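K.L.:
sequence plus predicted model, see below.
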Amino acid sequence: MQTTTNQEPITQKLAGFAAGLAFEHLPAAVVGHVRLAAMDALGCCLIGATLPWTRMVADQVLEEGGRAEARLIGLQGRVPLAAAVLVNSTAGHAFELDDIHRDSIIHPNSIAVPVALATAEKMGGANGRDVVTAIVAGYEVANRVGMAGGTTLLLRGFHPQGTGGALCAAATAGRLMGLDANEMRNAIGIAGSLGAGLMAAQEGAMVKRLHSGNAAAAGVRGAMLARRGFTGISNLVEAAYGGFLSSLAGEVEMGDIAADLGQRWETLNTGIKPYATVTSIHAALDALKTIMTTHRIAAADIKRIKVRISTPTYVHCAWPYQAQSVTAAQMNIYYGLTMIAFDGAAFVEQFDDARIADPSVLEFIKKIEAEVDPEIDALGRAYRHMARLIVESTDGRVFEHEERHRRGSPENPVSAADITDKFRALAARTLPAPKIESVVGLCGRLDSLADVTALTDLVVG
């Protein structure tokens with residue numbers, strides 16, 4: 001194992017940045033991104049609140065009771081702050097639709113947005129400028145630390161959402177609580193010790209969703225304890241023994257974690273998900289959709305599909321599919337490609353219990369072969385989502401398509417209208433149309449709100 005001997009106080013730099021970040025420091029593009037990310041997160045939370053794994057977590061915290069500090073998105077009840085974010089961030093990650101920062105493999109909006117809204121509620125309210133600033137603090141800290149761990153952390157079996165997500169929550173809550181730089185460093189140092197998540201959960205367990213909620217609760221607890229003077233690991237990120245990166249990733253590259261803070265915004269390198277699947281397979285889904293649309297072929301016309309992908313995507317997503325659970329289906333490349341072949345979509349309707357065990361689905365999966373492409377690996381982490389697809393038709397034709405950047409990535413972005421349509425589709429299951437349009441309107445001017453409680457009021461049960 002290679003560990004760092006770099007004594008530069010990375011944790012301190014990140015903490016100082018997060019504590020000192022002001023709305024005036026944020027470029028217009030970053031503010032605009034957060035407005036859309038907040039709306040996207042609320043849509044994810046609302047659909048997530050309808051699912052059994054979120055309901056079980058909510059039932060548990062409601063049974064436990066406690067001080068009525070913050071409400072549950074899409075559900076009824078007011079519970080302690082840490083309990084509220086446990087539920088709300090579980091909901092945000094409950095259906096694989098939350099945003100994604102490719103290089104950190106963290107879904108920050110399902111943590112930062114629920115944490116910011118619940119923390120604001122506990123504090124008696126907060127204006128939109130402060131909430132936007134807090135969300136950006138969470139994005140920047142978590143994304144930068146996560147980038148240093150990269151795919152190594154994932155391939156060692158740890159879930160970036162559950163580990164790095166705790167840092168996102170700590171920075172978001174800490175900034176909104178007004179922690180100073182030393183308190184923020186302690187908040188990060190506490191949260192980093194409490195985050196957790198193992199990737200074996202992706203093959204069927206509900207607990208994968210809870211990793212996000214647990215990270216949110218860990219970060220909030222870290223911030224609250226730090227405000228009381230409780231201390232965390234002061235060099236959490238860079239510690240050569242027992243540190244966040246040395247323990248979880250093993251190989252640590254500290255170079256650019258704190259480089260260009262306040263100039264290069266990793267918030268803008270976070271993309272939106274149009275499919276309710278693990279992001280690693282989106283380029284492959286895009287490639288199959290392009291082939292089928294361009295050449296006007298249907299699922300019945302397909303004899304064989306070969307998909308060539310990176311090693312991380314293969315390990316993460318190309319395990320033999322079994323009809324275990326919705327979670328397993330959403331994480332599996334063979335199932336995702338089959339949904340595109342059958343429906344041209346991989347959204348909510350494609351992931352119910354009947355569909356994931358449909359015999360015709362299981363039969364079609366036998367036509368798909370996945371393999372590692374060394375040329376994709378050689379391009380580096382910027383292309384780890386890339387896919388090359390070869391489709392052979394029943395009449396002997398062969399179609400090929402290469403997708404370098406998935407739809408919804410920063411390199412191939414979806415429009416604001418697309419994100420709004422996604423929110424409307426998700427929210428329609430729980431909110432009446434007038435409330436949906438009110439949420440769209442408030443998110444569109446999030447930074448100008450005198451009190452974000454007006455937004456929370458619209459999305460609670």
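P.N.:
Thanks, I have the structure now.
K.L.:
how close does the residue lying closest to residue 344 once chain neighbours are set aside sit to residue 412?
P.N.:
Using C-beta to C-beta, 6 or more residues apart in numbering and skipping residues adjacent in sequence, the residue nearest residue 344 is residue 289, 6.3 Å away. In short, each C-beta sits where N, CA and C put it, glycine included. When distances are taken as C-beta to C-beta, to the nearest Å, residue 289 and residue 412 turn out to be 13 Å apart.
K.L.:
cool, residue 334 as well?
P.N.:
Using C-beta to C-beta, which is the criterion applied here, residue 334 is 24 Å from residue 412.
K.L.:
related to what we said a few turns ago, which parts of the helix or strand hosting the residue nearest to residue 344 are buried?
P.N.:
Secondary structure assignment for residue 289, by DSSP states H and E: helix 282-295. Burial within helix 282-295, assessed by neighbour count using 16 or more other C-beta atoms under 10 Å, is assigned to 282, 283, 284, 285, 286, 287, 288, 289, 290, 291, 292.
K.L.:
nearest to residue 384, of those?
P.N.:
Of all these, the one with the least separation from residue 384 (C-beta to C-beta) is residue 283, at 9.7 Å.
K.L.:
list the contacts for that closest one?
P.N.:
For residue 283, the set of contacting residues under the criterion of C-beta atoms under 8 Å, 6 or more residues apart in numbering consists of 385, 386, 387, 403, 404, 405, 406.
K.L.:
just the strands in the stretch 351-461 of the chain please.
P.N.:
If DSSP state E, counting those that start in this stretch is used as the criterion, the strands of the stretch 351-461 of the chain fall at 368-372, 387-393, 398-403.
K.L.:
the first one to helix 282-295, inter-axis angle?
P.N.:
In other words, strand 368-372. 130 degrees (axes from the mean of the first three to the mean of the last three C-alpha atoms, to 10 degrees).
K.L.:
any chance of the contacts of residue 283 in a markdown table, plus pLDDT?
P.N.:
Formatted as a markdown table, the entries for the contacts of residue 283 read as follows, by pLDDT from 0 to 100:
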| residue | pLDDT |
| --- | --- |
| 385 | 96 |
| 386 | 98 |
| 387 | 98 |
| 403 | 98 |
| 404 | 97 |
| 405 | 97 |
| 406 | 97 |
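K.L.:
picking up where we left off before, buried residues of the helix or strand following the helix holding residue 289, list them for me.
P.N.:
Moving toward the C-terminus from helix 282-295, the first helix or strand encountered (DSSP H and E) is strand 302-309. Neighbour-count burial for strand 302-309, with 16+ other C-beta under 10 Å as criterion, is recorded at 302, 305, 306, 307, 308, 309.
K.L.:
give me the number of residues near residue 155?
P.N.:
Counted by other C-beta atoms under 10 Å, the residues lying close to residue 155 total 15.
K.L.:
how much space is there between it and residue 80?
P.N.:
Here the distance between residue 155 and residue 80 works out to 36 Å (C-beta to C-beta).
K.L.:
cool, residue 391 as well?
P.N.:
Where residue 80 is concerned, residue 391 sits at a distance of 53 Å (C-beta to C-beta).
K.L.:
neighbour count winner among these two?
P.N.:
With neighbours defined as other C-beta under 10 Å, residue 391 and residue 80 compare such that residue 391 has more, 24 against 20.
K.L.:
pLDDT wise, what is that one at?
P.N.:
The predicted local confidence for residue 391 comes out at a pLDDT of 98.
K.L.:
residue ranges with poor pLDDT in the stretch 251-400 of the chain?
P.N.:
Across the stretch 251-400 of the chain, residues meeting the criterion (pLDDT under 70) sit at 251-253.
K.L.:
can we see that at 90?
P.N.:
Where the stretch 251-400 of the chain drops to pLDDT under 90, the residues are 251-256, 324, 381.
K.L.:
spatially central residue for this structure, please.
P.N.:
Closest residue to the average C-alpha location of the chain: residue 107 at 1.6 Å, with C-alpha atoms, centre = their mean.
K.L.:
leaving out sequence neighbours, find the closest residue to that residue.
P.N.:
Nearest residue to residue 107 in three dimensions, chain neighbours excluded: residue 98, at 4.0 Å (C-beta to C-beta, 6+ apart).
K.L.:
am I right that that neighbour sits in a helix?
P.N.:
No. Residue 98 sits outside any helix when classified using DSSP: H, G, I helix; E, B strand; the rest coil, being coil.
K.L.:
pull the number of nearby residues for it.
P.N.:
For residue 98, the count of nearby residues is 29 (other C-beta under 10 Å).
K.L.:
ok, now how distant is it from residue 31?
P.N.:
Residue 98 sits 20 Å away from residue 31, taking C-beta to C-beta as the criterion.
K.L.:
likewise residue 86?
P.N.:
With distances taken as C-beta to C-beta, residue 86 is found 28 Å from residue 31.
K.L.:
more neighbours, those two?
P.N.:
In terms of neighbours (other C-beta under 10 Å), residue 86 is the more surrounded of residue 86 and residue 31; the figures are 28 against 18.
K.L.:
so that one makes contact with residue 219?
P.N.:
No. Residue 86 is not in contact with residue 219 according to C-beta atoms under 8 Å; the separation is 10.9 Å.
K.L.:
hmm, back to that, need the strands of the stretch 351-461 of the chain in TSV with distance to residue 63, can you?
P.N.:
Listed next are those as TSV, based on distance: least, C-beta to C-beta, whole Å:
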stretch	distance to residue 63
strand 368-372	43
strand 387-393	45
strand 398-403	46
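K.L.:
out of the ones you listed, deepest packed?
P.N.:
A comparison of these by mean neighbour count, using mean count of other C-beta atoms under 10 Å, puts strand 387-393 on top with a mean of 21.
K.L.:
next, the angle from that one to strand 398-403.
P.N.:
Strand 387-393 and strand 398-403 meet at an angle of 160 degrees, taking the same axes, to 10 degrees as the criterion.
K.L.:
neighbour-wise, which of residue 334 and residue 412 wins?
P.N.:
The residue with more neighbours, out of residue 334 and residue 412, is residue 334; 24 against 15, by other C-beta under 10 Å.
K.L.:
gap between the helix or strand encompassing the more buried one and the chain center?
P.N.:
Assigned by DSSP H and E, residue 334 falls within helix 333-343. Helix 333-343 has its average C-alpha position 22 Å from the chain's average C-alpha position, going by C-alpha atoms, centre = their mean, to the nearest Å.
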